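Asker: Any chance you could fold what I've pasted below:
(one chain, ligands or ions: 1)
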Amino acid sequence: MTTKEYYANHREQILATANKYYAEHREQQLISRKKYYSNHREQILATANKYYAEHREQCLAATNKWRSKHKEQELATLKKWKTEHKEQYFESVKKSSARRKRDYPSLYILNQKFEGSHLHHLTPEIMAYIPVAVHRAVPHNLRTGEGMQEINLYTMNQVLLGLCHPTTEFVHDEDCITEV
Ligand SMILES: [Zn+2]
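Answerer: Model prediction:
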C-alpha cells in the first residue's frame with residue numbers, strides 16, 4: 001500500500017489523532033514558537049523580506065486571492081461575533097478609539113489607504129497604511145518601542161516605493177559620489 005492509499009483509507013483516524021494532539025499541545029507549541037521567533041528574529045525577518053522582495057507580485061496576488069475567497073467567511077464570523085456580543089463590541093470600540101485619540105493625536109498620514117490595509121503608527125504623530133498581514137506578522141508596541149524598528153523599516157520602504165517613478169534607464173552609481 002502506498003502512503004497515499006494508506007492516507008485515503010485512514011483519513012478520518014489520522015485527522016482525529018492530529019487534532020487531538022494539536023488540542024493537547026496547543027499552549028506548548030505556541031510558547032515554543034514564540035521562543036523560536038524571539039531567538040531567530042533577525043534571520044526570520046531577513047528571509048521574509050528577501051522572499052517578499054523576490055516574490056512581491058506573487059505574494060500580493062496570493063493575499064488578494066485568499067482574501068476574496070474568504071471575505072464572506074471573515075465578514076460572517078465578525079458579524080456573528082458583533083451581534084452576539086453587541087454591548088461588549090460597542091464598549092471596546094468606544095474605549096479603544098477614545099484611548100487612541102488621547103494617546104496618539106495622529107497628525108500625519110504618509111500614504112493612501114488601500115484594500116486590506118491597516119493604519120500603522122510609526123510614531124505617535126506619523127502613520128502609514130501597510131498590508132494587514134504584515135502589520136500582524138511583526139509584533140510591535142509603540143508604547144514600549146518593541147519591534148518598532150523592524151516594522152517602521154518595512155513601512156518606510158513601502159511608503160518610499162509608493163513615491164518612486166519606475167525607470168528603465170540605467171543610472172550609473174557614480175552619480176551619487178560627491179567629490180571632495
Ligand atoms: Zn502598528
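
Asker: drop to CA atoms for contacts and neighbour counts, all remaining ones
Answerer: OK.

Asker: need the helices for the chain, in chain order.
Answerer: Assigned by DSSP state H, the helices in the chain fall at 3-39, 41-54, 56-84, 86-103, 132-137, 148-163.

Asker: which helices and strands sit right next to the fifth one?
Answerer: This means helix 132-137. strand 117-121 (3 or more CA pairs under 8 Å, 6 or more residues apart in numbering; DSSP states H and E).

Asker: circling back: can you list the helices of the chain in a markdown table and add mean pLDDT and distance to P124?
Answerer: Below are the helices of the chain laid out as a markdown table (pLDDT from 0 to 100; distance: least, CA to CA, whole Å):
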| stretch | mean pLDDT | distance to P124 |
| --- | --- | --- |
| helix 3-39 | 74 | 25 |
| helix 41-54 | 72 | 24 |
| helix 56-84 | 71 | 28 |
| helix 86-103 | 75 | 7 |
| helix 132-137 | 92 | 16 |
| helix 148-163 | 89 | 12 |
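
Asker: Can you say which of those helices is nearest to G116?
Answerer: With CA to CA as the criterion, G116 lies closest to helix 132-137 of the helices of the chain, at 5.9 Å.

Asker: List the buried residues in that closest one.
Answerer: H135 (16 or more other CA atoms under 10 Å).

Asker: residues in contact with that helix?
Answerer: By CA atoms under 8 Å, 6 or more residues apart in numbering, the residues outside helix 132-137 that reach it are 116-118, 120, 151.

Asker: Return the distance of that helix from the chain's centre.
Answerer: Distance, stretch centre to chain centre, for helix 132-137: 1 Å (CA atoms, centre = their mean, to the nearest Å).

Asker: Ok, stretch 129-142 next?
Answerer: That offset, for stretch 129-142, works out to 5 Å (CA atoms, centre = their mean).

Asker: mind saving the C-alpha coords of that stretch as CSV?
Answerer: Coordinates of each C-alpha in stretch 129-142 appear next as CSV, following Å, rounded to 0.1, in the frame of the first residue of the first chain:
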residue,chain,number,x,y,z
TYR,A,129,-1.1,52.2,5.7
ILE,A,130,0.5,48.8,5.4
PRO,A,131,-0.9,45.4,4.5
VAL,A,132,-2.8,43.8,7.4
ALA,A,133,-0.8,40.6,7.0
VAL,A,134,2.5,42.4,7.6
HIS,A,135,1.0,44.5,10.4
ARG,A,136,0.0,41.3,12.2
ALA,A,137,3.2,39.4,11.4
VAL,A,138,5.6,41.7,13.0
PRO,A,139,4.8,42.1,16.8
HIS,A,140,5.4,45.7,17.8
ASN,A,141,4.4,48.1,20.5
LEU,A,142,4.6,51.8,20.2
